[in-house]
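Undergrad: pasted the sequence and its predicted model underneath.
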Amino acid sequence: MPLNNKKIKFITVAAVVLIFVLVLVFITLLSQKIQLNIKERKLNEQLEKLQQLKEELGDEDPNGEYRMVQEQIEKYLREQKGLMDAGKTVWKPSD
């Protein structure tokens, strides 16, 4: 049974629409993959910074649980965050 012109046109249009939809889905998935790779890289950088901070601030106790030493915390806050101990006098230049 030969295909008539209307059937051929319908099949052609359906195939073009299907290809178009598949290309859109592929582009969407590719875009999401790129965004997830960027997020992963940022999270890995943040993890490295936190691990470095962990090493700077404390020691591991014998049970394997992490704990920070109070003096190291205070030193970090003074040097990195500009905080001072309670009761210290702050000298500021006059305007």
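TA: Structure received. Numbers count the residues shown, from 1 in each chain.

Undergrad: what number of residues lie near L53?
TA: 13 (other Cβ atoms under 10 Å). Using the backbone N, CA and C atoms, a C-beta is placed for each residue, glycine as well.

Undergrad: with E48 instead?
TA: 10.

Undergrad: from L43, how far off is L50?
TA: 10 Å (Cβ to Cβ, to the nearest Å).

Undergrad: all strands for the protein, in order.
TA: Applying DSSP state E to the chain gives strands spanning 58-60, 66-68.

Undergrad: which of these has the lowest mean pLDDT?
TA: Among these, strand 66-68 carries the lowest mean pLDDT, a mean of 57.

Undergrad: I'd like to know which helix or strand in this protein has the lowest mean pLDDT.
TA: strand 66-68 (a mean of 57; mean pLDDT, DSSP states H and E).

Undergrad: for this structure, which helix is longest?
TA: Selection of the longest helix in the chain by residue count, based on DSSP state H, yields helix 5-57.

Undergrad: low-confidence stretches in this structure?
TA: 1-2, 57-69, 85-95 (pLDDT under 70).

Undergrad: rerun that using 90 as the cut-off
TA: Applying pLDDT under 90 to the chain picks out residues 1-6, 49-95.

Undergrad: how many other residues sit next to L30?
TA: L30 has 10 nearby residues by other Cβ under 10 Å.

Undergrad: that one: what's it in contact with?
TA: By Cβ atoms under 8 Å, 6 or more residues apart in numbering, the contact set of L30 is empty.

Undergrad: from L36, how far off is it?
TA: For L30 relative to L36 (Cβ to Cβ), the value is 11 Å.

Undergrad: next one: E45
TA: Taking Cβ to Cβ, one finds E45 at 15 Å from L36.

Undergrad: great, nothing more from me.
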